[in-house]
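[1] Got a sequence here, can you model it:
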Amino acid sequence: MSRSIFIVALLSLFALLSPFFYSWPYSLCISILASLFFPPVAIVTGVLIDTLYFETATSHHSFILPYFTILGFVIGAVSFYVQQCIKTRIMS
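    Residues are numbered from 1 along each chain as shown. Coordinates of the predicted model:
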């Protein structure tokens, strides 16, 4: 049991550090993979990607909405739902 917790912790740490080393599409894929095991990782990674890649208001391509935070919330909610369904199927 402790080995699986260690692997989830390493995957979560890798997902949180990935925006600093990879571009946002790769970080998004790693975040989706990590959120299957621990759903809040997607939300935190979305906030982090928005913080790093959000354009300033002076840019003509800027938008008001923090898309990656919203996407992280949606991915986290879906992975939480999937995780609950899998636990329910295993229990019954």
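
[2] So in this structure, which helix runs the longest?
    Ranked by residue count and defined by DSSP state H, the top helix of the chain is helix 67-91.

[3] ok, the most centrally placed residue in the chain - contacts?
    By CA atoms, centre = their mean, the chain has its centre lying nearest to Ala42, at 1.8 Å. By CB atoms under 8 Å, 6 or more residues apart in numbering, Ala42 lies in contact with 31-32, 34-35, 72-73, 75-76, 79. (C-beta placed from N, C-alpha, C; glycine too.)

[4] ok, now with 7 Å
    31-32, 35, 72, 75-76, 79 (CB atoms under 7 Å, 6 or more residues apart in numbering).

[5] which one of the residues you listed has the most neighbours?
    Compared across the contacts of Ala42, Ser31 has the highest neighbour count, 30 neighbours, by other CB atoms under 10 Å.

[6] one step back: which positions in the host helix or strand of the residue nearest to the centre of the chain come out as buried?
    When secondary structure is defined by DSSP states H and E, Ala42 falls within helix 40-53. Residues 41-46, 48-50 are the ones in helix 40-53 that count as buried (16 or more other CB atoms under 10 Å).

[7] Go through the residues you listed and say which is closest to Ser4.
    Taking CB to CB as the measure, Ser4 lies nearest Val41 of the buried residues of helix 40-53, at 15.4 Å.

[8] What sits closest to that closest one if chain neighbours are left out?
    Nearest residue to Val41, sequence neighbours excluded (CB to CB, 6 or more residues apart in numbering): Ala34, at 4.5 Å.

[9] Would you quantify the distance from that neighbour to Val47?
    14 Å (CB to CB, to the nearest Å).

[10] Tell me who's in contact with Val47.
    Per CB under 7 Å, 6+ apart, neighbours of Val47: 69, 72.
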